[in-house]
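Enquirer: got a predicted structure plus its sequence, pasted below:
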Amino acid sequence: MASSFAPVSVQTERAPAPVGPYSQAVRAGGWLHCSGQIPLDPASGAMVGEGDVEAQTRQVLSNLTAVLAAAGASPDQVVRTTVFLVDLADFARVNAIYAEVFQGPVPPARACVQVAALPKGAAVEIDCVAWLGSEQG
């Protein structure tokens, strides 16, 4: 029984490589915990959309969706997100793009907080938790 909760790292080249000692996501049992994604281009590692929170949000959600896909999941399986914004005045623009990705019948629970700064000068970061289902085994 304990083996079903053994953590497994999830990695994909379709999202930026971690900039520290962490996994892009960790699967434990039927749960997937995705690390926060910032607007880095996966191929170059360069920041996308400098000064444009909408472009940054699209890249963040693209990165997050790629990590979910690497674990065999989709945004419809996300049960919880956290949105970190450097400026809460950007909330409406970020929320509109967020709603394009999380269109499932049950939107994820969410927290949105303003922070003093994000890694590499990003304007937005989003993390999530998804339910993958019970492991068979």
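Expert: Done, it's in. Residues are numbered from 1 along each chain as shown.
Enquirer: could you use CA atoms for every contact and neighbour count after this?
Expert: Noted.
Enquirer: strands of the chain, start to end?
Expert: 8-10, 25-28, 31-37, 78-85, 109-114, 124-131 (DSSP state E).
Enquirer: between those strands, which gets nearest to residue 101?
Expert: strand 78-85 (10.7 Å; Cα to Cα).
Enquirer: sort out which residues of the longest helix anywhere in the chain are buried, please.
Expert: Ranked by residue count under DSSP state H, the longest helix found in the chain is helix 53-70. Residues 53-54, 56-68, 70 are the ones in helix 53-70 that count as buried (16 or more other Cα atoms under 10 Å).
Enquirer: closest to residue 17 out of the strands of the chain?
Expert: Using Cα to Cα, these put strand 31-37 closest to residue 17, at 10.1 Å.
Enquirer: for the closest one, what is the average pLDDT?
Expert: For strand 31-37, the mean per-residue pLDDT is 98.
Enquirer: note down every partner strand of it and its orientation.
Expert: Using DSSP bridges, the strands paired with strand 31-37 in its sheet are strand 25-28 (antiparallel), strand 124-131 (antiparallel).
Enquirer: nice, that's everything, thank you.
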